[in-house]
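[1] have a look at this fold, sequence not included:
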């Protein structure tokens, strides 16, 4: 649905131009939830805002469907934006308008009939579970409720694409979970493509199908969320993963005993919950001592990691490792004993 090719965004600055985006190329599939993550200043919000040309690219192309939006005239761009909803970090609600009136605002601009506005606003308020707050004002709402109004407003025009710019960063953890669950529900029920910018790997873990990692305006890692979690390739991804609650083993104090190699097993999907270790012990006769482990529940799959120490004859250990590899488990021997 979205094809970003060789995208640059340059700002003129004193002493030379600043490249906020450098040669960014990403394809985002229709109907997926795609995450963009990076440290502050990485260019993630700039990239998101080029997708509806709130930021004008310096060069490159952005195709939504068959349309290169970088070539659209102002009237054509206005028409495109009706198909692209946007959710902001700080809600951007009109304080003098009720919830109903806030959601109705984009439809009023498009000169919808009064009855059609009333019907559509009622529909989206029901979808975001705010029907009982229709006549309330923003000052009477919690942060999570304000963001639900923002989501309802973004959905009012029946968009095919929803852009979320740090949509949960101003919310507490419990409210964040409920907003992410709502976005997931919207994606499943309506089939809307969602592009989500965040600096929280937990958000990526819960909701996204694929993710792009940005460093200094460049994509340094791109792939399925499970692949990034299992084998992060970039420094930024590894740093983000380090801050998630995880059980890890202290390799610096590893007891290096002869004949007892240490390995990390990376499980993917259903294998994360299968009795592979007990099967390997029965098959090989080797002993496998679990030093640490974890299972991550991602949006579309599960992954698991076990750090283990093996004991037995070289043939028994080799048989155990071969059996585990045969079950589509990645094996990384970190110390060979």
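    All right, it came through fine. Computed from a predicted model, the values in this text were never measured in an experiment.

[2] and for residue 305, the neighbour number?
    22 (other Cβ atoms under 10 Å). For glycine as for every other residue, the C-beta is placed from the backbone atoms N, C-alpha and C.

[3] pLDDT score assigned to residue 315?
    At residue 315, the predicted lDDT confidence score is 90.

[4] same deal with residue 253?
    Residue-level pLDDT assigned to residue 253 equals 58.

[5] walk me through the domains of this structure.
    Domain assignment for the chain by the TED database gives 2-243, 262-335.

[6] ranking those by mean pLDDT, which is last?
    Confidence, taken as mean pLDDT, is least for domain 262-335 of the domains of the chain (a mean of 81).

[7] so what's the gap between that domain and the chain middle?
    28 Å (Cα atoms, centre = their mean, to the nearest Å).

[8] can you show me the helices along this protein?
    Using DSSP state H, the helices found in the chain span residues 44-50, 74-81, 99-109, 114-127, 143-155, 173-190, 201-207, 225-230, 235-242, 276-284, 314-326.

[9] turn those into CSV, including distance to residue 7.
    Conversion of the helices of the chain to CSV gives the following (distance: least, Cβ to Cβ, whole Å):
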stretch, distance to residue 7
helix 44-50, 7
helix 74-81, 17
helix 99-109, 27
helix 114-127, 32
helix 143-155, 23
helix 173-190, 24
helix 201-207, 21
helix 225-230, 21
helix 235-242, 19
helix 276-284, 43
helix 314-326, 40
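
[10] quick one, which of the ones you listed gets closest to residue 35.
    Checking these against residue 35 by Cβ to Cβ gives helix 201-207 as the closest, at 4.5 Å.

[11] give me the contact list for the closest one.
    33, 35, 37, 168, 176-177, 180, 183-184, 196, 198, 211, 225, 228-229, 240-241, 243-244, 296-299 (Cβ atoms under 8 Å, 6 or more residues apart in numbering).

[12] restricted to buried residues, select those residues in PyMOL.
    In PyMOL, this line selects whichever of the contacts of helix 201-207 come out buried by 16 or more other Cβ atoms under 10 Å:
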select buried, resi 33+35+37+168+176+177+180+183+184+196+198+211+225+228+229+240+241+296+298+299
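
[13] grab the nearest non-local neighbour of residue 334.
    Of all residues not flanking residue 334 in the chain, residue 262 sits nearest, at 5.3 Å (Cβ to Cβ, 6 or more residues apart in numbering).

[14] OK, contacts around that neighbour?
    Counting by Cβ under 8 Å, 6+ apart, residue 262 touches 254, 291, 307, 308, 309, 310, 333, 334, 335, 337.

[15] partner residues bridging the fifth one?
    Yep, that's residue 309 we're talking about. Per DSSP bridges, the residues bridged to residue 309 are residue 262, residue 289.

[16] quick one: contacts for the residue lying closest to residue 98 once chain neighbours are set aside?
    Nearest residue to residue 98, sequence neighbours excluded (Cβ to Cβ, 6+ apart): residue 135, at 5.2 Å. Residues in contact with residue 135 (Cβ under 8 Å, 6+ apart) are 98, 99, 100.

[17] out of the residues you listed, which is nearest to residue 315?
    Here the nearest of the contacts of residue 135 to residue 315, counting by Cβ to Cβ, is residue 99; it sits at 69.9 Å.

[18] noted, bye for now.
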